[in-house]
Structure formats: structure tokens, C-alpha cells
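>>> model the following, please.
(chains A, B, C and D, ligands or ions: 4)
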Amino acid sequence: MSSAEIASLPESEGFKIRWGDLAPFIALGVIILLGTMINSNFMSANNLLNVITRSAFIAIIGVGATFVIATGGLDLSIGSMLAFVVGIMIMAMNALAPALGPWAIPAGAVVALVVGSLCGLLNGLIVTVGRIEPFIVTLGTMGIFRALITYMTDGGSLSIDRSLRSAYRPLYFGDFLGVPYPVIITLVIALLGAFILYRTKYGRRVTAVGSNSDVARFSGVHVGGVRTMAFVIQGFCVAVAAICYVPRLGAATPTTGQLWELQVITAVVIGGTLLRGGKAHIWGTVAGALILEVIANVMVLSDMVSEYLVAAVQGAIIIIAMLAHRFTSSR
Amino acid sequence: MSSAEIASLPESEGFKIRWGDLAPFIALGVIILLGTMINSNFMSANNLLNVITRSAFIAIIGVGATFVIATGGLDLSIGSMLAFVVGIMIMAMNALAPALGPWAIPAGAVVALVVGSLCGLLNGLIVTVGRIEPFIVTLGTMGIFRALITYMTDGGSLSIDRSLRSAYRPLYFGDFLGVPYPVIITLVIALLGAFILYRTKYGRRVTAVGSNSDVARFSGVHVGGVRTMAFVIQGFCVAVAAICYVPRLGAATPTTGQLWELQVITAVVIGGTLLRGGKAHIWGTVAGALILEVIANVMVLSDMVSEYLVAAVQGAIIIIAMLAHRFTSSR
Amino acid sequence: MKQAAIDTKDVRATSGPPVLRAEGLSKSYGPITVLTDVTLDIRAGEVHAIIGENGAGKSTLMKLLSGHAAPSGGTMKMAGAQVAFSDAVQAEDAGIVLVHQEILLAPDLSVAQNLFLGRELSRFFAVDDKRMNRRTAEVLARVGCTARPWSRVGDLPLAQRQLVQIARALLDDRKVIILDEPTAMLANDEVDALLDIVRSLRAQGVAVLYISHRLEEVEALADRVTVLRDGKMIGTWPAADLDQRQMAELMVGRELSMLYPPKREPVEAEPALMVEDLSVDHGAIRGTFSVKPGEVLGIGGMIGAGRTEMMEGLMGLRPAQAGAVRVNGKTINKPDVGTMMAAGVVYLTEDRKGKGLLLNEGLGPNLILQALDMINPGLRLDRKKELAATRETVKEYDIRIRSLSIQAGQLSGGNQQKLLLAKVMQANPSVVIIDEPTRGIDIGNKSQIYRFIDDLVRAGKACIVISSELPELVGLSDRVLVMRAGRFAAELTGTDITEQNVVYAAASSGNDTKGRKRA
Amino acid sequence: QAQDKQFTIAVSIPAATHGWTGGVVYHAQEAEKQLEAAYPNIDVIVSTASSATAQVSSLEDLSATNELDALVILPFTSEELTGPVEQVASNGTFITVVDRGLADPSIQDLYVAGDNIAVGANTAQWLVEKLGGEGEIVVLRGIPTVIDDERIQGFTEVIDQSDIKILDIQYANWNQDEAFTLMQDYLGKYPNIDAVWANDDDMLLGVIEAVDQAEREDVQYMLGGNGMKQVIEMVKAGDERTPISTPYPPSMIASAMFMTAAQFAGQAPMRGSFKLDAPLITPQNADQFYFPDSPF
Ligand SMILES: Nc1ncnc2c1ncn2[C@@H]1O[C@H](COP(=O)(O)OP(=O)(O)OP(=O)(O)O)[C@@H](O)[C@H]1O
Ligand SMILES: Nc1ncnc2c1ncn2[C@@H]1O[C@H](COP(=O)(O)OP(=O)(O)OP(=O)(O)O)[C@@H](O)[C@H]1O
Ligand SMILES: [Mg+2]
Ligand SMILES: [Mg+2]
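Numbers count the residues shown, from 1 in each chain, chains lettered A, B, ... in the order given. Ligands and ions are numbered 1, 2, ... in the order given. Have a look, this model is predicted:
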């Protein structure tokens, strides 16, 4: 773009939307188109609603992961952390149910939010105070959380009290004016995330730390604090996802949330956030989560590939989508 | 400064062994000490030999991963790639066995090396030519390789021909002057890796690319080529590990090599290689692989933790080891 | 030099009270002492210049004063009270701000975001981008920077980034502003604007610490001058008592010979490098040029004229097409750094930190990186040769170090430049393209580098020098091409090579680097 | 029912991540082929899922995009799948549950159950007899899930009533490699081990390899479970250390599919529970459990 053009643009804001930032949305569009061609049922309102509702988990956790990754960190423990938080929440709800009745649900949710944030704090403190690679720290805490949930479930499963089941169910399956609650929650979390990231001092500092931590430090940014806080936000988002998760499956098992970390990181990266930090796209992450879920959905709907090869096709589609948007959006 | 002064400047070479570089070896020593205290059987020759031999896989693959990570890349597909290479190798050996007899084994090994290198090349080309984050690319190929081995084994297992089994077995279980073959192979691969990394022009370029790819490009280094080659080396190392792997259990299953990528990356990082690239420690990686294997061994030998919590303790030990060496080695 | 910048020297009373006083400051890195026992006071309303050779310890002293590094010994006092800064932020709160010699900005953030990093303005809970952008635009205008408040810093040319850094220091009111080689990356107009700013700061009672290797600036601006040599304080003088030659001799500790070597006789020869219709960045930059053996071709122009891009395009470092490129008669089909180097052409970048040196590697690996294939014919790396080459270079290029195991990033700015020069020369080229050869180099070493270029050219090699420093361009070149807005605007030879002519050609159709078409 | 009506049967099973689930996928696909060949008016859709969450998702997908007449499901876990299956059932879909019962049994129309508790208990029973009620044994667990939990529960309940001591019990994730490693460590830790129970034949193969390498004579019995092809071969051949196995045939998915299809083929409306036995496989009856073409 010529400088003359730049000059003729209105105020700064108009400049922010770059072609490259739209890439994940375009990719999403293409994959939806593909889905429509493969199976006529794909476009049914029912199916679309299912897919969008389901992507809420990865999207909500992804909002938190966007913060962590933007500061140049990485959190591999999110899947296990989810399982752990779900476990604690179910235990809390079951314990409170006799006393509080349905009010055990909000009480349990508060417990979940606190526990999730504390788990994030733990990760953050080890990373920043201990100055250890986030990869190693969160790999370690991944083992720890996973072991704790296995311990809590005795290797089996831990399910929510039947009496709470029906009161809690609507949080996943219900809707408000036709929009399922998980979608509303995702939107709220993403809006909040976007506000914090793009409109607050803290958000500024998140990208600054990821972009060049020395500069941030010289400028008086408390780098360790910013990093730690990002992990706390991640923990909080995991807890929100846990709150939406329980009404759907009603139980925690040692395999709950397994490998979600990889899905979440993939969603974030597909969304345009750089793994090295310094650049963050909340809405891209949400699109990334949708892309992953739509691909999985299309795989189920199409009967074309052997069951054994589903993972291969899924992997290939992700790579091809990234390649396509690289070559369409490159300059 | 006078030339006399220059001549008297300290030799740079003697200076290279830094305290920090020894950290993984010290950590290894401490954990071994711990093991000895916990269980008297730990130090038995048999147990030590078992542990060292077992660590060969992670160490050999880790040598390759050290190259990839030193260039600033990351390979998540190694576990699945191992399974795939093992599968192809077994199929090749079984097909060749009637014609070649025991010579099918070396022939199969050559096939494995070629296939492994090609798998690495595939990863490398997608990363460099497609300019996509290695994380995403190798997550995709991870799914692809895993699906292929599932397909090849029909979800069951693929075993090596009985006729080859006994001829091949010694490669894992045999020894030369008391040193098990896998250990010898690990040493050879690590020596080779160290030679390439520290004593060849290519090795220089690897660290240059990882440390600042712009500087490398401006210095005429073919950045894409160097990166791709690192992935090829990784593939080759995976194939070597596959060759040592087959004689042990004689079969490929869909779970072969599952999650090894995380172990390998952990070994590399514990060994002192930086995840962001530019610094590489082959011998540190080998020590890292040993550390992981010894921790697992000590966990089984000790009677102290519930089976549910083994993973937690393992995770905690890794974090504590990193913390300890951070605080002892930091100035 | 820098004609426009130098008007009548304002001599001022320098008896104000010291705002900041350093007593017996010293600094060592491990066993290496880089600064010993420096005592210095800085008074309100003065411009205090610090001069010294490369590696003398100027930047280190400034880092101590501004809280970017902790002294190993000595004390600091502000207004009589002892102070110790644990970090830069404390120093800034106390009113002391440092503009680094190296660019220290977050590349992914916008200009305004960088300026206000750590002290963002906000309304209610949200940051107030409008206000920050407005204030940024004001300071940018003040320092003569044409970047927009919302441009991404990583996309700006180096000079603009330098101005952004300066703008950051001016954002709030300060007691002491430290400028560490602020003009090294700037060309005439910007330098003038900067000097004016410094003068107005002084008028407002701000103490300015000013480091520069351009002694004419020091002479024109400073009230007092402190000289450092080898980490030791030589003394402080009223600037009026020193002329440029005396300053130089105090820095170097010996008498200096002529700065520029005598011009060479024009030679008759086939061009060593011939470039026809090179088009870079989809035609934004175009040009045809050639250089003969035994010739120094200077390329002048204002910042952003496209000189760097032209050469990077030639080396295949950015998208470019060429009608033809011939080196010593041989046609090069698809130029890239490797093939050009094999043919004998090397390029020395202006961005030594970002594109020139591996800052966390030692000297040896940096030195031989480019010429790896030439130094080591086989696959193996000959570490003996590497060490020998390193020792040789340290001696030949007079790189001031106290241990061979130092990392490139720990060298002083000027010594980094010398290492970079040595690095490209390892390839034994026949055509050398140097972008800003003496950026950040002290006066003693400058003449050394000029002599070096002269020797090279007299040995039958060709040299292209891109320089924003007019005296250098004029003093070195046999022929000068002046670029304007991506095109060659004039060619000057012989006695036509004067600063006035270069300036005129570079700016004649108005100050319009903005009009330049970009793809 | 009339022959001209089209019927859709959805089959939801775990993805082939290890030997046994691999067998399930194999048998489901074989049954799909046979059913569709036999009954042109029946359409079978097989869908695999790699986790409970993914299985719930695929249930939603299948019922959102198809009119399902029947669902055959091998649930990942009981609790987590109960709600979602109930959802499907509420549309009038015929529900066949395989292997693991739902938390609310009233949802299922047909239940073809494996008996994991019996797998553990029968093996333990046999061991107690053979060892004469005393001895020292080690146990390898699978992946922490309900199946694993039930087998271990059945096993330990029986062992606890004898004087046999369980020296150690650890997870090896139904993985040959991890079983090999774990067994090596067990052997190093305990100078005497009378028997090993690996809870799954995949792991058993790793265990045997480790014991062979250590040349330990004290290990009298090494037992698995599930009836994997290679292990049945060993049983048939009268292996001394592995004389028995317990069937937990992945082919139960095929049985369930055939029984479900029978609803629509019109001959035999089927409801109720069918519990598969877990009799010991011995050299005498091994042939019944041997499927040379199955991958498992
Ligand atoms: N972190 C460090 N470790 C070791 N030595 C260092 C470090 N930082 C600087 N030095 C050394 O301190 C000396 C002084 O460096 P300084 O940057 O202060 O020089 P300078 O006067 O600013 O030079 P220039 O004019 O080239 O910028 C140099 O010899 C440099 O190599
Ligand atoms: N007006 C401008 N707007 C945006 N980027 C610019 C502008 N001018 C130059 N650049 C960028 O700055 C870098 C170097 O600029 P260029 O090559 O044009 O400068 P130059 O003439 O070599 O001047 P100098 O090197 O002295 O700064 C290039 O990356 C170019 O893209
Ligand atoms: Mg300096
Ligand atoms: Mg330039």
C-alpha cells in the first residue's frame, strides 16, 4: 500500500483489519462449503447448531490460550486441568446438593472458577518465578492434574448427583431466543477476552511481553506478572469450559479432556496467533475452534473414508487449509 | 590494544564448558542417588542395563529432535512416524523373508531408513516451502502417520515373521563386550550427531538459523534447506530407533510410539537445548532421555505412591529437577 | 561537516547546580572491568557530551546512570541525595531517561503503543487510543518523524525507529535525557531537527547527556565535554576550550593522521559489477548502475530513498527482477547471496543487530558464517582455522575486547561494526557493497576503515558505499549516484562531488519520499 | 415390518486405538458389509470416536442428520454417555447397548454385555487354584477406565479371599511397550514372582518378552485376557506359562448388530439383556475362540 493511500485513510482504526487476519474466516467458509457439497444434511439447522455449540469448549479455552501464547508462553496442561476442575466441581456440587439443593450448581461453579484460576496461577508462578520453559512446566502439571483426576475417580468415573442433573442440563442443551447457552457463553468470553486484549492496559502489555520481553521490562512492565496473569486467565477460561462441560456429559473420568491441549493450540494457531508471541487474534481463535469442529463433523457425515483413516484426513485438511490461506493471503 | 595483549587473550576453546551445560548430568546424578537410596535393587547391574537400554529409543530420536529444535522447529509427529516406519519395515521384512531369508533384516532396515528420511523430508518441505508453523504441520502429519499405521494393522497388530524373529532379537537383547547393542547404537548416533552439529559447516548453519534466521539469510545460508535437512535427520533418527525397536517386541500396533513426541521434546529441553532454537546440546539430550527413564524406573521400584499418582510424582520430579538446576546454575 | 547543523556556537554559563552526580562509578562483567572510577556531574540546562573510542565504556556509563544496569561500585546522587536505581523505571520516575544506542522497541506493537508502553493512558477501564495517537503524532512531528502513530514498528525503516525511540524520551518532562548516538542512523534533515530539539530542551533547563562520534555535532552543541578512554575518565572540559582535533586526540590518546585517504586516479576498465534495469519490490525501486575495479561508487540520498532496498534486491534478499546482472563479465541469472558471493560480490547490511550478527554467538562463529564454504572446502568445519581467523581479525580490525570468548552482542556498537566488516571480507570479494560503513564508529577507527576501503580499491577491487553521512560520501567516492524516491536522480563525478550537490539532487523535487510508489 | 421401507442403523464405537478396540472396529465393519449385503433395505453407518466427548458429538451428528431407526453403541463410559443416548432414544430410536451398560438401564432396548468383572474373577479363581491359594503376584492395569476398573475389581475381590499377595499394581495403558518396561522393573524389584496378570493380551505379549529376557524361572504363570489371536494360539499349543485366557470377544459388536438388524428384518423382535460369559479358554476349547482372519 502506498504511503499516499495510507495518508488518505481516516483515523488509525480503519487500518487494523488486514487481509491476513481474515484468513481463518475464509478457511472456515471454504470448509463449510465443502461440507455442504459432501452431505446435504450438513447445512441443516440442527446439525449446524450442534457443531457450533460443541465448539464452545475449545473456543472458550482457546480464548485463554490466546493470552498465554501471545505472551510467548504455552500451556499443555489445559486438557488435564479441565478434567481436574470438572472433578473438583462435581465433588463440590455433590457435597453441597443435600444442603443447597439446586443452588449447589452455582456454588459448584464458583468453586470451579476459583480452582481453575488457582491451577493457572500455579502454572504461571512456576514459569515466571522458577524461570522454566512453559513447555516443561505445563507438561509436568499436565501429568499432575491427570494423576489427580485419576486418583479422585479411583480410575473409574465420578458423576454428578442425579438430583442436580435435570436442573443443570439446560446450561448445555437449552437456549435463549434460539441461541444455545454455550454459544452465548462463548461470545461473552470472547468479547471479554477481546476487550481485555485490545482495550486495556493489561492487553497491551500482553502483546508487548510476547513481542520483546526486554523492551517491556525496560518500559516498566512487570513481565512476570503479565505472564502469570495470562496463565490465570487461561485457568479461568478452563473453568468456564468445565462449567459448560458437566451438563453435557455429567461425569469426570481419567480420560476427560485428553489431548484437548493440542486441539486448543491448533485452533489458536489456525486463528492467526503466532506461537512465538506478540500477536493475538481472539476472534481468529474462535474461528479456529469452529474449523476443527466442522472438519470433525464433516468426517462423521461423509461415509467416504475408512474409519482407520479419519485422523489422516483430518490432519491433511488442516495442513491444506493452512497452505491455502498462506498462498492466497501472501501479500 | 597492543598486539601483545591480543596474543595473551585467553583461548576461547578452553572456555566452552560452562557450568550450565553440566546441569543435566548433575540432575541425572542426583536422581540416580535418590534411586539408590529408595531401593537397593536400583543399582543392580541388571536394572541399570535395562534402564539404559530402554532409554535408547528416546535418546536416538532425541538426537534428531535436537537438530529440529535447534533450527527453531518442532516435530510432534515423531511418535506416529516411528509407528509408521516400524509398520513399513515389518511389512517389507515379511515380504522379503521368503526370498532373502535372514538378509531380509538388513534389507528391511534400509527400507526403514529411506522411509524415515522421506517422512522427515515431507515434514520439512511442508514447513519450509509452505511456510507453516512446524507445530501445525507436524500435528497434521502426526494424525496422518497414526492413521496409516492403524490402517496397516487393521487396528490390531502387525508382527514380524517368526522365521526372522530369532535372528533379529539379539539386536535389542544382545550385547558386545557386555554393552547392549542399543546402547552402542545410541552412542554412535549421538557421536555422529555431535560431530555434525559441532564439527561440520551444516551444524554451524543449524545454530545460525535457529539463533537468527535473518542473519543467516543475509549471510547466504539457505535457511529453508537447513531446516528441511534437520527434519530429514529427524526422520533418519526415527528410523534408527525403529530398527532397534522391532526386535524387542516384534510387532507394530496402533499404540506404538504414542506420546513419545512429548517425552522426546522433554528430554531435549531438559538437556539444555532451547525450544526457541539457536542452542543445541546433543549429550544433554542423551542425559535427558536417561533422566526420564530413570525417574520412571525409580517410581516403579519405590513403593511409596499410589498407582494413580505415579504420573503426578513424575511430573513434579521433572519440574523440581529443572527448578533445582535453575537455582544452582544461575550465577 | 553537516553544514546546516552548525551555526554560531552558543557558549553558555555552565555553573548551574548538578542534577545528577556520579562518584567513583565502576562496572565489571565477571572478571572483565569495563568502567573504573568515573566521577561526573551533570547540571541542569547543559548539554554534556561524552566522547571516547569504541568500547571506551560510554554506553555502559549511560546504562548505569539510567538504571539499565547496576554499578559494581560507586554512588550516584540527585540533588545531593544518594540514589540507587534498581531498574530503568525507577530512573525514569526520578526523571532520567536513556535513549539506547541500539533500537529497543517491541516490533509487533504500533508506534503509539510503544511510546506509551508501561504508562498507557486510559479512560475508565479502556485504553484511550485516540488520545495516545494524538499525543504520539505531536511528538513524532516534533522530532520530524513521518511514521504514523498506528504503524507497526517492525515495518518501519531503521531511521524512523530511532526517531520513535527519541520521541519516547520526549513524551514526558524529564530532568536528564541521555542520548546515546542518536544521530548514527539519521541523515541531515533529521539531525538538524534533533539538534534543535536538544537546544530547546536545554533552554527549558533539562540536562542532556549526549554521545556521538560525530565531533562536529559535539562542537556545535555541547557545553561541556567528558572524555573516556579504556573505561577510565580522562577529564571534563568546557566545550569552548576544545576543537574537533583536540577532542579526537584526547579520545585516542595520540595524534591522528588524515581522515580521508587521497582520491585515486580514475581507471579504465570493464565494470566489475554491472546491473541493468534492476526492479525491486515490484518496481517501487528501479535503476541501472555499474562499478569498475579500482573505483569507489558512493550512493547518496535521503532516508527512505531506497538505497538499501536496491542493494538487498540485487542480492536476492527481497523480491526483485533484473534486466541483467554481470560480475566480472559473467552473467548471473538468478542472483542470491550465495551465488553473488561465489561470483565475488558481498553486501554488508546496515542493520547489524537484526541482520548482521548472531548476538548470542561468539566472535568466531559470526566471523566465518558467511564464508563457511570458502574457509572449509569439505564438509568439516576447521576450528583451528576459525580460531586463527578470529585472532587475525581481532588484530587486523583492532576489535577491542578483553577476552576471545565474548559474545557478539556484548561488544560495543563500534566493535560490532568492525566484526561485521571483517565477516563479509572473509569471503575475499572483488566487489564490496557497504551500507553505512561507519555507523557508530569512532573517529580513530573511521580513518582506519576509510584506509581499509582505499587499500581494497587500490588492490583492484570495487566498492559501493551507501552513506547518509555526506562528508564521508564526498571524501571517499570517485563517483556518486544520488537516489530519490526509488530512482537514480543524479550522477556526480570529480569536482562535482560536493555536499551541496548531493543534497540538492537528493531533495530537488521537493521533500517527497512520501510520494514514492509502493506495492 | 414391510420389506420396502428403508432402515438406518447407526453404530457408534471407540476408534481403533489399541488391540481390542481395533478388533471392535474390524468386526463392526465386517458386520456392516454382511448386513448390507443380506438386507438391501438396511443401511448401516459405522462411526468411530476417540473419546467420550467425540462419541457424544458423533451421536449428535448422526441423529441430527439421519432418521435413525436403531443405534448400536459401545459407550466409552457409562455415566457420560447416558444422557446423550437418552436424547437419541427420545426420538423413538431403538437402542442397543454393547459391553458397558448405561447408568440408567431403562433407556436400552437391547443389551449385549461383556462381563468385565467375570473376566477378572474367573482368571483370579483359576490362579488361586493353581497356586494353591498362596503366592506372590503382580498386576498390570490398562488405561484408567471403567473396563479396567471392573476387571481389577473382579480380580482383587477373589484374590483377597486367598493368601495370595498382590505385590504391585501399576498402569501400563494397554500398551505392549509400557507393559514390557513395567515388567522389567517388577522383575528387578521382586526377587520372587509366582504369577503375572496383565488384564489384557496386548500387554501380556510385552510381559512375556520381559520375563524371557530376564530368564526368570520363578514366574510360573503369565495371564492376560480378551482372547487375542496370538495368545489363543499359545493356549492351543499348550503353553505352560499361559495355559488359559479369558474371552472378551470384540465380535460382540457384530452379534449386537445382527440382533438389532433382526428387528427390522422382521423375523425376531428382540429385547432384553444378553450377557456374554467369560469362560476360561483352555487348550480344549480354544478352537471356538480362534478367528485367524481377525486382526485381534
Ligand atoms: N555484557 C557484557 N559482558 C562483557 N563485556 C561487556 C558487556 N557489555 C559491554 N561489554 C564491554 O564493555 C566495553 C564497553 O562497552 P560500551 O558499549 O560501553 O562501549 P562504548 O563506549 O559505548 O562504545 P561504542 O562507541 O562502540 O558504542 C566493551 O569492551 C564491551 O565489549
Ligand atoms: N516511507 C517509507 N515508509 C515505509 N517504509 C519505508 C519507507 N522508506 C523506507 N522504508 C523501509 O525502510 C527500509 C530501508 O529503507 P531504504 O532502503 O528505502 O532506505 P535507505 O535509502 O537505504 O536509507 P537508510 O538506509 O539510510 O535508512 C526498507 O525496509 C524500506 O521498506
Ligand atoms: Mg556505545
Ligand atoms: Mg539504508
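>>> give me the neighbour count for C:G205.
13 (other C-beta atoms under 10 Å in any protein chain shown). Any C-beta I mention is one placed from the backbone N, CA and C, and that applies to glycine too.
>>> so it sits against C:G45, correct?
Yes: using C-beta atoms under 8 Å, C:G205 is in contact with C:G45, at 4.6 Å.
>>> now residue 203: closest residue in space that isn't a chain neighbour?
All of this refers to chain A. Nearest non-adjacent residue to A:G203, counting by C-beta to C-beta, 6 or more residues apart in numbering or on different chains: A:L197, 4.0 Å away.
>>> that's the other chain; I wanted chain D
D:M203 sits nearest to D:A179 (C-beta to C-beta, 6+ apart), 3.7 Å away.
>>> my guess is that neighbour contacts D:V207, does it?
Yes: look at D:A179 against D:V207 with C-beta under 8 Å: they come within range, at 5.4 Å.
>>> if we can go back for a sec, tell me which element the residue nearest to D:M203 falls in.
Using DSSP states H and E, D:A179 maps to helix D:176-189.
>>> by contact count, what packs against that helix?
With contacts taken as 3 or more C-beta pairs under 8 Å, 6 or more residues apart in numbering or on different chains; DSSP states H and E, helix D:176-189 sits against helix B:45-54, helix B:223-249, helix B:282-301, strand D:134-141, strand D:163-171, helix D:201-214.
>>> any weak-confidence spans in the chain?
All of this is about chain A. In the predicted model, chain A carries pLDDT under 70 at residues A:1-20, A:303-304, A:325, A:328-331.
>>> that answer is for a different chain, and I need it for chain D
D:1-4, D:266-269, D:294-296.
>>> kindly report the residues of it close to chain B.
Counting by C-beta under 8 Å from any C-beta of the partner chain, the residues of chain D close to chain B are D:16-19, D:21-23, D:25-26, D:141, D:144, D:168-171, D:173-177, D:180-182, D:184-186, D:188-189, D:202, D:205-206, D:209, D:213-214, D:229-230, D:294-296.
>>> so which of the residues you listed reach ligand 3?
By C-beta under 5 Å from the ion, no member of the residues of chain D next to chain B lies near ligand 3.
>>> next one: phi and psi at the residue nearest to A:G203?
The phi/psi pair for A:L197 (degrees, to the nearest 10) reads phi -70, psi -40.
>>> contact partners for it?
Counting by C-beta atoms under 8 Å, 6 or more residues apart in numbering or on different chains, A:L197 touches A:66-67, A:70, A:203, A:206-207, A:280, A:282.
>>> out of those residues, which end up buried?
A:66-67, A:70, A:203, A:206-207, A:280, A:282 (16 or more other C-beta atoms under 10 Å in any protein chain shown).
>>> out of these, which are inside helices?
A:66-67, A:70, A:203, A:206-207, A:282 (DSSP state H).
>>> who's the closest spatial neighbour of the closest residue to chain C within the stretch 1-150 of chain D, skipping the chain neighbours?
Closest to chain C within the stretch 1-150 of chain D is D:T53: 34.9 Å, counting by C-beta to the nearest C-beta. Distances taken as C-beta to C-beta, 6+ apart place A:L249 nearest to D:T53, at 6.8 Å, with adjacent residues excluded.
>>> number of nearby residues for that neighbour?
Using other C-beta under 10 Å, A:L249 has 26 other residues around it.
>>> hmm, it is touching D:T82, no?
No: between A:L249 and D:T82 there is no contact under C-beta under 8 Å: 9.1 Å.
>>> could you list the domains of chain C?
C:1-95+C:173-256, C:105-172, C:353-428 (automatic domain parsing).
>>> want to try CSV for the ones you listed, with mean pLDDT as columns?
Below are these laid out as CSV (pLDDT from 0 to 100):
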stretch, mean pLDDT
domain C:1-95+C:173-256, 84
domain C:105-172, 89
domain C:353-428, 88
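>>> so which of those domains gets nearest D:A49?
Ranking these by proximity to D:A49 (C-beta to C-beta) places domain C:105-172 first, at 39.6 Å.
>>> that closest one near chain A anywhere?
Yes: against chain A, domain C:105-172 shows contacts by C-beta under 8 Å from any C-beta at C:105-110, C:113-114, C:117-120, C:122, C:125-127, C:129-130, C:133, C:148-150.
>>> now the terminal residues of that domain, how far apart.
In domain C:105-172, first residue to last residue: 18 Å (C-alpha to C-alpha, to the nearest Å).
>>> from C:E295, how far out is C:R479?
Distance, C:R479 to C:E295, using C-beta to C-beta, to the nearest Å: 7 Å.
>>> what number of residues lie near residue 293?
Since you didn't name a chain, this refers to chain A. Around A:E293 there are 23 other residues, counting by other C-beta under 10 Å.
>>> think we crossed wires, I meant chain C
Neighbourhood size, C:P293 [other C-beta under 10 Å]: 19.
>>> what do you get for A:W103?
12.
>>> skipping adjacent residues, who's closest to D:Y186 in space?
Nearest non-adjacent residue to D:Y186, counting by C-beta to C-beta, 6+ apart: D:V138, 4.8 Å away.
>>> with C:L215 instead?
In space, C:L215 is closest to C:Q244, 4.3 Å off (C-beta to C-beta, 6+ apart).
>>> quick one: residues contacting the one you found.
So C:Q244 contacts C:215-216, C:218-219 (C-beta under 8 Å, 6+ apart).
>>> scan those and report the most crowded one.
Most neighbours among the contacts of C:Q244, by other C-beta under 10 Å: C:L215, with 23 neighbours.
>>> that residue touches C:L250, doesn't it?
No: between C:L215 and C:L250 there is no contact under C-beta under 8 Å: 10.7 Å.
>>> overlap in contacts, those two.
Common contact partners of C:L215 and C:L250 (C-beta under 8 Å, 6+ apart): C:I51.
>>> in the stretch 351-500 of chain C, what residue is nearest chain A?
Using C-beta to the nearest C-beta, C:A485 is the residue of the stretch 351-500 of chain C that sits closest to chain A, at 10.8 Å.
>>> number of residues surrounding that residue?
Neighbour count of C:A485, defined by other C-beta under 10 Å: 21.
>>> what about it, distance to C:G409?
On the measure of C-beta to C-beta, C:A485 and C:G409 end up 36 Å apart.
>>> got it, and A:L148?
43 Å.
>>> compare these two (neighbour count), which wins?
In terms of neighbours (other C-beta under 10 Å), A:L148 is the more surrounded of A:L148 and C:G409; the figures are 21 against 14.
>>> hmm, the more buried one is touching A:F84, no?
Yes: using C-beta under 8 Å, A:L148 is in contact with A:F84, at 5.4 Å.
>>> give me the spatial nearest neighbour of the residue in the stretch 101-250 of chain D that chain C sits nearest to, chain neighbours excluded.
Nearest residue of the stretch 101-250 of chain D to chain C: D:D177, at 36.4 Å (C-beta to the nearest C-beta). Leaving aside its sequence neighbours, D:D177 sits nearest to D:G206 (C-beta to C-beta, 6+ apart; 6.5 Å).
>>> which ones are touching that neighbour?
Counting by C-beta under 8 Å, 6+ apart, D:G206 touches B:249, D:172, D:175-181, D:183, D:198.
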